[in-house]
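[1] give me coordinates for this.
(3 chains)
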Amino acid sequence: MNKAAEIVPNGQRIPNGMLEDNYPRNMWWVAAHSREVMTKPMARWLLETPVVLYRTEDGAPAAIYDRCPHRWAPLSEGHVCGDKIVCPYHGMEFDTAGNCTKTPTQKMMPKTAQIPAFTVKEAGAFIWIWMGDQDAIDCEPPDVAYQTDLGWSFLDGYYEVGANWVLIRENVLDLTHIAFLHKNTFKQDDWITAPDSFLDGETVTYEQEFDLAPLSPLFCAGMGLPEDKPIKRKQVGRMPALSISFSDWIVHDPAPEDGARSDFIMRGCHIVTPAQRGKTHYFWGAAFDVPTLSDDVAEKTKASIIAAFDEDKHLLEIMQKQIEDDPRGMDYLEVTLGADGAGIFVRQILNKKLAAEGRKLSGGRT
Amino acid sequence: MNKAAEIVPNGQRIPNGMLEDNYPRNMWWVAAHSREVMTKPMARWLLETPVVLYRTEDGAPAAIYDRCPHRWAPLSEGHVCGDKIVCPYHGMEFDTAGNCTKTPTQKMMPKTAQIPAFTVKEAGAFIWIWMGDQDAIDCEPPDVAYQTDLGWSFLDGYYEVGANWVLIRENVLDLTHIAFLHKNTFKQDDWITAPDSFLDGETVTYEQEFDLAPLSPLFCAGMGLPEDKPIKRKQVGRMPALSISFSDWIVHDPAPEDGARSDFIMRGCHIVTPAQRGKTHYFWGAAFDVPTLSDDVAEKTKASIIAAFDEDKHLLEIMQKQIEDDPRGMDYLEVTLGADGAGIFVRQILNKKLAAEGRKLSGGRT
Amino acid sequence: MNKAAEIVPNGQRIPNGMLEDNYPRNMWWVAAHSREVMTKPMARWLLETPVVLYRTEDGAPAAIYDRCPHRWAPLSEGHVCGDKIVCPYHGMEFDTAGNCTKTPTQKMMPKTAQIPAFTVKEAGAFIWIWMGDQDAIDCEPPDVAYQTDLGWSFLDGYYEVGANWVLIRENVLDLTHIAFLHKNTFKQDDWITAPDSFLDGETVTYEQEFDLAPLSPLFCAGMGLPEDKPIKRKQVGRMPALSISFSDWIVHDPAPEDGARSDFIMRGCHIVTPAQRGKTHYFWGAAFDVPTLSDDVAEKTKASIIAAFDEDKHLLEIMQKQIEDDPRGMDYLEVTLGADGAGIFVRQILNKKLAAEGRKLSGGRT
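    Below is the predicted model:
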């Protein structure tokens, strides 16, 4: 029997910052799905900052700080007029660079009437945002061209998850949990050994090959495969940036029907954006390398994926809440296994990026 | 494009204390509408203090601290017996001065059994309370005799607003927001220039005259005017104390029907009392200088006013919540316009009154 | 009129720690009613610690810290397999002593994979837990054999109360509140003098005899007495440990019907276990020293007791919330009466036990 009075067991301590502001600023995060952002302004918390997202009347996306510099009204309650957003309270107008262009009650506009503005770019199915130093933008958002490629069929969905983004990142980079947490949904019970994982710059990858076995029923319909047919499977994961990762299910059918395809890819996509403390926007995608899916297959596949991801959301939210409420919080050592390789690389990248911004995780609450 | 990494724009910093205890104690605040306080005790938070309000059996209003000195039970759960209030837990009785007059389980009453008591006065339609030093009371509550004057018709209502009282005070002292926030309710689109504003001691006033234009439909029925008739209008605001302000709509009809009145006043009344942190009791009034209003007109006018004030409540609550949740909080400079004149005087009076009590706004969270 | 500006009245200050962690660790608390704990794991906060309670397949109760040492998943979401509990996330298995016995994804198990485990014992109708130093266990849980004695009929119930455990303890050790708080339920209006109270080691007792008077209708049916029959009554209370106390209603019927019993006991039982800050598990029992109660009597008695205890819960929760929300909090002196004798002994025992653990109440918030 352990001494519970000293409740901290042995183990290592590599904090993931799940109770604090562990969000690097100088990188691209996803602000929204493209279809969410319209001329009608939308309020969204991103990296603990209130942001208003909208499109000008010519369709260009824009993102500025959601607080009027006059009396702090949320601009997201206002409306867009041409290429300006109009404050709901006293009618001041601002352009997409955050400059005040009109003050209804007076002719002289104060020079100081200016709002922080953020660079946004539309790429793939999403609108990306750079929340950090606007002069430090040194790259394009990650390549997600397949999302709008006519050769692919892209299903997607959104969750607000009550957990820090790193918990989701660690979840999707160690899929050995599929055999346990998702045993009734994925039903892929052979994923119980650790993949090889690699770090190259800020890109994390893992790879693993499996013997002949039936494919998870979640993806059979999308590939036109019977649920009990043994196939060869390769799992390849890739995180090109902390905000997004892919999990490819690369399937080879060694005995295809006459004239049928024998090779398929299902590309999972996991996009996370910190919202407020302990809350994360989670945009998921699942794409098949086929030009079309029947409505029936798309609907059934989406419903099955949601059933499985509901299991992740449920567990991660209990984890976050329990650790927030436990006075012990982060002061509890972790045991790390071989299957955590990719997740540990995430923590290393995270710490490096924060250090580059002159920041450091406290390992506790801030 | 501004540098968002340095999100604080230029501007001045005159904190209004909206995230902290910014409530002067040595002044009259409104505790309740007269009709709310009955012999059955009522719990109400006032200035972050739990208070029990009640009337003794002879009808006199009383207010004491809502915590029994014995085991801290809320007296508001008890009952009034004669001129005493009886604790719900063990039956101890207290008079309106907070002195214990009976202890059921023993004959010797501890001398220390005493509760803080507050001076209350009934004036106009309200019960006023002095929460500060009871020996420092040096004035009467503001004159609101018109509220019970038979020559006036007084409509009123109550909101608990999830925002600091100063946000409401600033809202009602800069009515140029009517043309924007209330464009679908007030429909008074000519109020887009700043009034003249004045400070005299602790009284703030503003004045403004308007050219011939239709009056807001909110007030036409109460004055018996058609909605499209051009009239002359003078807007006069007056805040005799931080807790109450008036906004008079002084209307002159240059072409009255035969034998009809040509001059009318609608006196808006805005009473705010801090409740708990970020929560304010808001008692509003709207009075016409006519002896009676038909039920129909009263009901319609009240509904229209509520529709407009709902717009204020909605916006102010988002403002408060967003600023509470934003790590930047008060650390964001404001731009002040000419139309903020009266509101700036409020902040000056507030800071002066706090200084007189040996207090000072921190400008952040406390 | 008191000076409200100095709102703290006179009185003494013996903090009960109701706003802080005032839970001694080295003692037996009740974790759960026996019937609640099954093979399916159950999550429960005990002393601000997340604990998973379960039975192994042979029926033995077990309690370990509800956090996997790997990636901190709640084990309460997993399942029991034989005498092991299996983590829901990646399938690691642990025995009841908290040692990891299986890691699905690798053969080498980290030595550090260990969870704090707590000693539990089943006694009476409950499962008891020792959350402190597991080597310091020096006694058995309190004797509650009557709860499962065939000569007694035991009714019970559970509340989660939004108040610190000491408030409940003080409530049940000063039953003079029955005449006031429960005047419409207990209807026992003669309990308005203080009993004699005694302290012996860590056991508190009180005693009091009453003249002929009708018994509270709550207990008449259980004893087969008419509600208006005058009986002699002795009230004896006993708290053998901070976690549990009894209140015996010892009844003597001086004029029994022919052949009827003339002596009865109703033993109230009040078990409190701190859950999270300001939240307490409250297990109550009411037992009659008769082998059986008809379903009708049991149901009616239970409903009446719940109606009365609802009154306590309601009041204590307002007390806790009001004191949490009041900036004054604990900084308000109390008046203590003779009837508080037993409750004051509780505070003395509490402070002594905390001191033995090297702890001390701050008297405020922590």
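[2] tell me who's in contact with the residue nearest to A:Pro327 when sequence neighbours are not counted.
    Closest residue in space to A:Pro327, ignoring its immediate chain neighbours: C:Glu48 at 5.5 Å, by CB to CB, 6 or more residues apart in numbering or on different chains. Glycine gets a C-beta too; all of them are placed from N, C-alpha and C. Under the criterion of CB atoms under 8 Å, 6 or more residues apart in numbering or on different chains, the neighbours of C:Glu48 are A:Asp325, A:Asp326, A:Pro327, C:Asp21, C:Tyr23, C:Pro274, C:Ala275, C:Gln276, C:Arg277.
[3] tell me the contacts of the first one?
    Residues in contact with A:Asp325 (CB under 8 Å, 6+ apart) are C:Trp45, C:Glu48, C:Pro50, C:Gln276.
[4] by neighbour count, which of those residues wins?
    Among the contacts of A:Asp325, the one with the most neighbours (other CB atoms under 10 Å in any protein chain shown) is C:Pro50, at 22 neighbours.
[5] separation between it and A:Ile318?
    9 Å (CB to CB, to the nearest Å).
[6] find residues that contact each of these two.
    Joint contacts of C:Pro50 and A:Ile318 (CB under 8 Å, 6+ apart) are C:Pro74.
[7] how far does stretch A:334-348 stretch from one end to the other?
    Across stretch A:334-348, the terminal residues are separated by 16 Å (CA to CA, to the nearest Å).
[8] with adjacent residues omitted, what lies nearest to A:Ala125?
    Counting by CB to CB, 6+ apart, A:Ala125 lies nearest to A:Gln147, which is 4.4 Å off, once chain neighbours are set aside.
[9] run a quick neighbour tally on the one you found.
    18.
[10] quick one: residues contacting whichever residue of the stretch 151-300 of chain A sits closest to chain B.
    Here the stretch 151-300 of chain A gets closest to chain B at one residue, A:Gln276, 6.4 Å apart by CB to the nearest CB. Taking CB under 8 Å, 6+ apart, we find A:Gln276 in contact with A:Trp45, A:Glu48, B:Asp325.
[11] closest to chain C among those residues?
    B:Asp325 (19.5 Å).
[12] next, the closest one: phi, psi?
    Main-chain torsions, B:Asp325, degrees, to the nearest 10: phi -80, psi -20.
[13] again, but for A:Ile349
    phi -60, psi -40.
[14] next: A:Trp130.
    Note on A:Trp130: its backbone torsions stand at phi -110, psi 110 [degrees, to the nearest 10].
[15] can you show me the helices along chain A?
    A:165-173, A:217-223, A:295-325, A:341-356 (DSSP state H).
[16] ok, which of those helices comes nearest C:Arg365?
    helix A:295-325 (16.5 Å; CB to CB).
[17] skipping adjacent residues, who's closest to A:Asp196 in space?
    Per CB to CB, 6+ apart, closest to A:Asp196 is A:Glu207, 5.5 Å.
[18] one more: A:Pro24?
    Per CB to CB, 6+ apart, closest to A:Pro24 is A:Lys353, 4.0 Å.
[19] could you give the number of residues near the one you found?
    Neighbours of A:Lys353 (other CB under 10 Å): 19.
[20] chain C contacts on the stretch 151-300 of chain A?
    Contact residues, the stretch 151-300 of chain A versus chain C (CB under 8 Å from any CB of the partner chain): A:Glu170, A:Asp174, A:Thr176, A:His177, A:Ala179, A:Phe180, A:Leu181, A:Ile192, A:Thr193, A:Ala194.
[21] now those residues: which count as buried?
    Neighbour counting by 16 or more other CB atoms under 10 Å in any protein chain shown classes A:Glu170, A:Asp174, A:Thr176, A:His177, A:Ala179, A:Phe180, A:Leu181, A:Ile192, A:Ala194 among these as buried.
[22] quick revisit: could you check how far the residue nearest to A:Pro327 is from chain B?
    As for C:Glu48, its distance to chain B is 23 Å (criterion: CB to the nearest CB, to the nearest Å).
[23] residue ranges with poor pLDDT in the stretch 101-250 of chain A?
    Within the stretch 101-250 of chain A, no range satisfies pLDDT under 70.
[24] spit out the contact partners of the residue nearest to A:Asp196.
    A:Pro195, A:Asp196, A:Phe198, A:Lys234, A:Gln235, A:Val236, A:Gly237.
[25] now with 6 Å, please.
    Residues in contact with A:Glu207, defined by CB atoms under 6 Å, 6 or more residues apart in numbering or on different chains, are A:Pro195, A:Asp196, A:Val236.
[26] which residues touch the first one?
    Shown in contact with A:Pro195 (CB under 6 Å, 6+ apart): A:Tyr206, A:Glu207, A:Gln208.
[27] for the buried ones among the residues of the stretch 151-300 of chain A next to chain C, give me CSV that also has distance to chain B.
    CSV is the format used below for these (distance: CB to the nearest CB, whole Å):
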residue, distance to chain B
A:Glu170, 25
A:Asp174, 31
A:Thr176, 36
A:His177, 32
A:Ala179, 39
A:Phe180, 36
A:Leu181, 32
A:Ile192, 42
A:Ala194, 38
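[28] write out the residues of the stretch 51-200 of chain A neighbouring chain B.
    Along the stretch 51-200 of chain A, the residues adjacent to chain B under the rule CB under 6 Å from any CB of the partner chain are A:69-70, A:72-74, A:88-91, A:97-98, A:104-106, A:110, A:112-114, A:116-118, A:132-134.
[29] excluding chain neighbours, what is closest to A:Trp249?
    A:Met266 (4.2 Å).
[30] now do A:Lys229
    Once flanking residues are discounted, A:Lys229 sits nearest to A:Pro214: 6.4 Å by CB to CB, 6+ apart.
[31] neighbours around the nearest residue to A:Ala298 once chain neighbours are set aside, how many?
    Distances taken as CB to CB, 6+ apart put A:Leu155 closest to A:Ala298, at 6.0 Å, once the chain neighbours are dropped. Neighbourhood size, A:Leu155 [other CB under 10 Å]: 20.
[32] how about A:Leu225?
    Residues near A:Leu225, counting by other CB under 10 Å, number 21.
[33] now do stretch A:31-48: distance to the chain's middle.
    In terms of CA atoms, centre = their mean, to the nearest Å, the centre of stretch A:31-48 is found 14 Å from the chain centre.
[34] I misspoke; the intended subject was stretch A:87-102.
    Taking CA atoms, centre = their mean, one finds stretch A:87-102 lying 31 Å from the centre of the chain it belongs to.
[35] need the distance between the two termini of it.
    Terminal-residue distance, stretch A:87-102 (CA to CA): 10 Å.
[36] list the buried ones in that stretch?
    For stretch A:87-102, by 16+ other CB under 10 Å, it's A:87-96, A:98-100.
[37] pipe those into JSON lines and attach distance to A:Ala255 per row.
    Listed next are the buried residues of stretch A:87-102 as JSON lines, based on distance: CB to CB, whole Å:
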{"residue": "A:Cys87", "distance to A:Ala255": "65"}
{"residue": "A:Pro88", "distance to A:Ala255": "64"}
{"residue": "A:Tyr89", "distance to A:Ala255": "68"}
{"residue": "A:His90", "distance to A:Ala255": "71"}
{"residue": "A:Gly91", "distance to A:Ala255": "69"}
{"residue": "A:Met92", "distance to A:Ala255": "68"}
{"residue": "A:Glu93", "distance to A:Ala255": "66"}
{"residue": "A:Phe94", "distance to A:Ala255": "63"}
{"residue": "A:Asp95", "distance to A:Ala255": "62"}
{"residue": "A:Thr96", "distance to A:Ala255": "56"}
{"residue": "A:Gly98", "distance to A:Ala255": "61"}
{"residue": "A:Asn99", "distance to A:Ala255": "65"}
{"residue": "A:Cys100", "distance to A:Ala255": "68"}
